[in-house]
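Asker: Provided below are the primary sequence and the corresponding predicted coordinates.
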Amino acid sequence: MVINNLDKYQLILASKSPRRQHLLKELGLDFKIQVSNVEEYYPPELGMTAIPEYLADLKATKVREESPENSLVIAADTIVWKDEEVIGKPKDKKEAVALLKLLSGSQHQVITGVNIQSSTKKYSFHAVTEVWFDDLTEEEIGYYVDRFKPYDKAGGYGIQEWIGFVGIQKIEGSFYNVMGLPVHKVYQFLKRF
């Protein structure tokens, strides 16, 4: 492991997201997975960056309380923000199509809040990535939703999938943040433990 100071911890990822698991593995970290199962509710007065940080803190704190003393918990939450509101995960095909129509031909923000905590330290931070979609045809949207079923993804899409290849014109910020984990920032904060 490159970050030697982590040897004293049992690293836990509080997420069932296969994308977050993959990205953390790519950092060369050994970790176990423990899902928090908290209700993802946030106070309505929270703003764009506060929402995912709040939710990540809820998840990390719950897992930390149920884990051994030497645990170091990483939790994250990703939202899509457009026109001053959260664009959630679609419940079904109809919602997924509607969300992609909303994002088509426009710009939105993807914000991931991260919380990393041990028994003695806690860090909360976020990353924001600006994403621009080209105009998408109904055929393209239907093709993507039918084949990729993006029901577990904020905004109803995965940048690393077909829709990202053909529909995303450009981004400003971290690509990995749009996947669900701003890996560079996570690495920098892990070095503080």
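Answerer: Looks like it came in fine. Numbering: from 1, shown residues only.
Asker: can you tell me the helix or strand for residue 100?
Answerer: helix 93-103 (DSSP states H and E).
Asker: tell me which residues of that helix are tucked away?
Answerer: Within helix 93-103, the residues that qualify as buried by neighbour count (16 or more other CB atoms under 10 Å) are 96-97, 99-100, 102-103. In this view, the C-beta of every residue, glycine as well, is placed from N, C-alpha and C.
Asker: try stretch 39-57
Answerer: For stretch 39-57, by 16+ other CB under 10 Å, it's 42, 49-57.
Asker: thought residue 73 was touching residue 119?
Answerer: No. The pair residue 73 / residue 119 is not scored as a contact, 10.0 Å apart, by CB atoms under 8 Å.
Asker: which of these two has more neighbours?
Answerer: residue 73 (28 against 14; other CB atoms under 10 Å).
Asker: how close does the more buried one sit to residue 41?
Answerer: Applying CB to CB, to the nearest Å, the value for residue 73 to residue 41 is 20 Å.
Asker: Residue 115 now?
Answerer: As judged by CB to CB, residue 115 and residue 41 stand 16 Å apart.
Asker: What are the buried residues along stretch 76-91?
Answerer: For stretch 76-91, by 16+ other CB under 10 Å, it's 76-82, 86-87, 89-90.
Asker: Sort out for me which of the residues you listed are in strands.
Answerer: 76-82, 86-87 (DSSP state E).
Asker: Could you point out which of those residues is nearest to residue 181?
Answerer: The closest of those to residue 181 turns out to be residue 76 (CB to CB; 5.5 Å).
Asker: how close does the residue of the chain positioned farthest from its centre sit to residue 164?
Answerer: In the chain, counting by CA atoms, centre = their mean, residue 139 sits farthest out from the average C-alpha position, at 27.5 Å. Using CB to CB, one gets 17 Å for the distance from residue 139 to residue 164.
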